[in-house]
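> Predicted structure and sequence below. I'll ask about it afterward.
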Amino acid sequence: MRATILIYIAVMALTTYLIRMIPLTAFRRRITSRFARSFFHYIPYAVLAAMTFPAIFYSTGSFLSATVGLAVAMLLAFRGASLIIVSVTASVVAFLIGILPF
């Protein structure tokens, strides 16, 4: 069992290393393509959204409270509220919806 764990760790270390080193070796010059530059610019936002949105819907015990909290957060964010106001208000609204008897 110990040998399999070490193999798993080695494979994960190699995978992580390759993911980080392949772009450094493949792109030696500055990228001039507008499409490629915009694609690489939006990757962090897309990955963050892909990790965050499923967690939002499964974070509470109720799909309704999570959806209402998300709607409040998006409304406040689009209106220009600060991050702390958006997160605290969305959390409080999701909590209050969650404790209401439906």
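Nice, I can see it. Numbering: from 1, shown residues only.
> Report how many residues lie close to residue 2.
Using other CB atoms under 10 Å, the number of residues around residue 2 comes to 6. (C-beta placed from N, C-alpha, C; glycine too.)
> where does it land on pLDDT?
On the pLDDT scale, residue 2 is placed at 83.
> Please tell me how far it sits from residue 8.
To residue 8, residue 2 is 11 Å away according to CB to CB, to the nearest Å.
> Over to residue 90?
Residue 90 is 38 Å from residue 8, by CB to CB.
> ok, these two, which is more surrounded?
residue 90 (22 against 10).
> Just give the nearest non-adjacent residue to that one, would you?
residue 73 (3.7 Å; CB to CB, 6 or more residues apart in numbering).
> Now do the SS call for that neighbour.
Look at residue 73: counting by DSSP: H, G, I helix; E, B strand; the rest coil, its state is helix.
> Pull the number of nearby residues for it.
20.
> centroid residue for this structure?
In the chain, the centroid-proximal residue (CA atoms, centre = their mean) is residue 48; its distance is 2.6 Å.
> For the stretch of helix or strand it belongs to, the averaged confidence score.
Assigned by DSSP states H and E, residue 48 belongs to helix 34-58. Mean pLDDT, computed over helix 34-58, is 88.
> roughly how far out does it sit from the chain middle?
A distance of 7 Å separates the centroid of the chain from that of helix 34-58, by CA atoms, centre = their mean, to the nearest Å.
> Roughly how far does the residue nearest to the centre of the chain sit from residue 42?
For residue 48 relative to residue 42 (CB to CB), the value is 10 Å.
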